[in-house]
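Visitor: predicted model and sequence follow; I will ask about them next.
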Amino acid sequence: MLEIIVSKYNYWIFVFLLIIGLYSMMTKNNLMKKLIGMNIFQWAIILYFISIGAKRGGSVPIIPGGHGHGVQKIVVHATGYVNPLPHVLMLTAIVVGVATTGIALAILVRIYNSYGTLEEDEIMKELGK
Amino acid sequence: MIREHEDIVIQTVCRFFIPFMQAYGLYVLAHGHGSPGGGFQGGCILAASFILMTISYDLKEVKRRFSEKLNVLFCSLGVFIYAGTGLVCLLLGGNFLNYGKLSKILPTDPVMARYYGMAAIETGVQITVMAIMVSIFLNLVTAGKHEETVEEEDAGDNSK
Amino acid sequence: MILEQFPAIIVVAPLILSFVVNFVGWRNKGFCFPFVIIALSVSLVSAIGILYAVIKHGTIYYHLGGWNPPWGIEYVIDHLNAYVALIVTVIAFVVAIYSKRSIEQEIPGDRIPQLYALLLLNVTGLLGITVTGDLFNLYVLLEIASFSAYALIAIGEKGALIASFRYIVMGTIGACFYLIGVGFVYIMTGSLNMTDVGQLLPDLYYSKAILMAFTFLTIGVVIKMALFPLHAWLPDAYTHAPSAVSALIAPTMTKVGCYVLIRIIFFVFKPHYSIEIMPLTTILGWLAIIAMIVGSIYAIAQHDLKRMLAYSTVAQIGYIVMGIALANKAGLTGALLHILNEAFTKGCLFLVAGAIMYKMGMRDIYQFRYLFEKMPLTMIAFVIAAFSMVGIPPTCGFFSKLYLLLGAIDARHWIFVATLLISVVLNVVYFFNVIRHAYFKPSEAYAHDGGRPEKIAVDEVPLSMLAPIWFTAIGILITGIFSGKIVSTVIQFAIPKCFLGGG
């Protein structure tokens, strides 16, 4: 049992952060806390993806030297490099997370200016009138 | 919203830091192929330098140097560089974003032309990201009302 | 040469022109609208060209950046793609022509260039989702389409801000679940290209990670598609958005979500997995039944016309998902034909709702008295669209419901047949409620305003708004009359091969 926890600790951290984010989005009343929960949720996924690309003893995936005849003198061991593809995908996911936070913050500022509060039940009461 | 705060220590230190931050942002862009970095990261660092100026100095200073009109121009310029490079590759006979075809107009072979194509689109990404990050920050700080806040700063300044 | 580049042009043209509109609009607001029309015309021509090329030559493969798959991003366009892309482009073009007058009335003047830029970005995202053949590229374009939808909805009337915030939270959960699913598929197969993953997956069918990947992918897409019970964001978001924005988003976004569901269940994970190993089609079938009944019942109870149409959309998504869940030839044909029907019909209905808002300033059904005499052409189009929603020949709705019924009978699921007929009756109730209030003379008990005035002047909406309404209404009739030709030319080849052998 202990081996499962210790050897796959990145999965456990991912699930833990995911559930914190989901709980926060579903149950909190304040809209700002929902937004923070959404941020935690997205960052959990980003951390997880990067952790699956890591390798013990892996080196940076860059071939030193120029191109052309320079490369042929260097032997490339493909298994010794860290996998760069998850990093590239997560750059895009980080940009998506930043954009979502930007839009949500702008809408929160407008909501605060219109209704004077950021608590969801008070806003629903305002709308219901 | 952001009042002018006459603290000589903060202003001097930030005046020293901001050009270095901007140079570092350009360095991160230029070395994106070899070390962690690239367009988005460099753009964020450049935007952070403007945000530091806003926090340490005053909103009016940043508005003077980076007005809303310049913001819109930079935002569109970056996307045009990116999509323009792709379209040039389209017109030269390849698929969209096939930088190897750029070797017809650049004096290098197709492999190095891919390298230059990637550098061009990363530059476009950096310009757009910088403009958008500064624009998000300024819009949130002024709650969307740019001109009225600047006048309010003048009134607050005179009443001190 | 240009014909080969259409898959790239269809996505890039709205993208570049969106930023041109943003830049030019800063100087002069009058220049925005021509660029919008140019962008959408280029996309429309590209979509027609792509559909023609696919019908003649078969599937198109377009390698972005010149890199071969599976290392590079690939655009794969077969009959299913081209069909959905053409529908999205036509609706976007029609709504753009309509939007000029409608937006000038509803939105303050200095926001108009930004609204047009967001509209073009939304169309970019939707068209990109339909043409791409790469799983992660689909996530990026899905987020582009969603962001512009969040911002467009937030520009609307009083309840729009909180509706948009709720849409942000639910939409982000859906997109992030999709991303987790893509991550698991990448860990197990090492590839992100849809065709490649489709070939690598059958060896891995009995692994738990693929099971979780399938679950996360499906739930993410179901949230974006607003199938019951994850539809809670849809009524508020569609009601409070500006009229032209509702007319663009309602017919297209959820239908593109249905396309992504078909792509994932039947093309990436083969039908053998989705039907037998994981009983997903059974689960989707039961959810579809509940969606059809609950959506229609909620729609009957509404006063506001757009809210009623939003709940009607929830019910129609139930129809399409039921067609997918039946998983036989007639069922899938019905689902795909219903996507076409739903796009044109909902487009027409939301455009009519916008026209009524433009002229009368309100959308309460119970105050629609004498509307037929005031706006006759608009209401005739509404009647045609209502007939299509109910399923009266020769409109397209009749043929799509006929295929769905045949599919349900073929699969011997009598509950589906019963639900389909009950929901048709419920549709009649709420649509004919509106027609009754607009057409027929009120009885003495309801005549509070002291009797009817002598003659009500005809006060129609301007031509630039009336032409798109009539284009969609005539489109419903034409697609209904030619539905056999559409099925035999396009839809028949869009269904995966293994369903065609049976019946």
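Guide: Everything's here; your move.
Visitor: show me what the strand or helix carrying residue C:84 is packed against.
Guide: Here residue C:84 sits within helix C:79-106, counting by DSSP states H and E. Other helices and strands packing on helix C:79-106, by 3 or more CB pairs under 8 Å, 6 or more residues apart in numbering or on different chains; DSSP states H and E, are helix C:32-57, helix C:112-131, helix C:243-262, helix C:329-360, helix C:463-481, helix C:492-494. Placement of C-beta: from N, CA and C, glycine included.
Visitor: for the residue in chain B that chain A sits nearest to, which non-adjacent residue is spatially closest?
Guide: Nearest residue of chain B to chain A (CB to the nearest CB) works out as residue B:136 at 4.6 Å. Once flanking residues are discounted, residue B:136 sits nearest to residue A:102: 4.6 Å by CB to CB, 6 or more residues apart in numbering or on different chains.
Visitor: and residue A:91, by the same measure?
Guide: residue B:40 (6.3 Å).
Visitor: likewise for residue A:22?
Guide: Nearest to residue A:22 is residue A:41, by CB to CB, 6+ apart, at 6.3 Å.
Visitor: correct me, but that neighbour touches residue A:23?
Guide: No - Residue A:41 lies out of contact with residue A:23 (CB atoms under 8 Å); the separation is 9.8 Å.
Visitor: who has more neighbours, those two?
Guide: Legend: neighbour count by other CB atoms under 10 Å in any protein chain shown for residue A:41 and residue A:23, higher for residue A:41 (24 against 13).
Visitor: report the contact partners of that one.
Guide: A:17, A:18, A:21, A:22, A:25, C:172, C:173, C:176 (CB atoms under 8 Å, 6 or more residues apart in numbering or on different chains).
Visitor: most neighbours out of the residues you listed, which is it?
Guide: Counting by other CB under 10 Å, top hit in the contacts of residue A:41: residue C:176 with 28 neighbours.
Visitor: returning to that earlier point: can you pull the buried residues of the helix holding residue C:84?
Guide: C:79-103, C:106 (16 or more other CB atoms under 10 Å in any protein chain shown).
Visitor: can you list contacts of whichever strand or helix holds residue C:75?
Guide: Taking DSSP H and E as the criterion, the element that holds residue C:75 is strand C:74-77. Contact partners of strand C:74-77, identified using CB under 8 Å, 6+ apart, comprise C:7-8, C:50, C:54, C:59-64, C:85, C:131-134, C:193-195.
Visitor: quick one, which of those are buried?
Guide: Using 16+ other CB under 10 Å, the buried ones in those are C:7-8, C:50, C:54, C:60, C:62-64, C:85, C:131-134, C:193-195.
Visitor: and which of those is nearest chain B?
Guide: So of those, ranked by how close each gets to chain B (CB to the nearest CB), first place is residue C:8, at 3.7 Å.
Visitor: what helix or strand is the residue nearest to residue A:36 when sequence neighbours are not counted on?
Guide: The shortest distance from residue A:36 to any non-neighbouring residue, by CB to CB, 6+ apart, is to residue A:24 (6.6 Å). Assigned by DSSP H and E, residue A:24 belongs to helix A:9-27.
Visitor: again, but for residue A:35
Guide: helix A:31-52.
Visitor: and that helix, which residues are buried?
Guide: A:31, A:34-46, A:48-50, A:52.
Visitor: the helix or strand following it vs helix A:31-52, what angle?
Guide: Sequence-wise, the next helix or strand downstream of helix A:31-52 (DSSP H and E) is helix A:85-115. Angle of helix A:85-115 versus helix A:31-52, following axes from the mean of the first three to the mean of the last three CA atoms, to 10 degrees, is 180 degrees.
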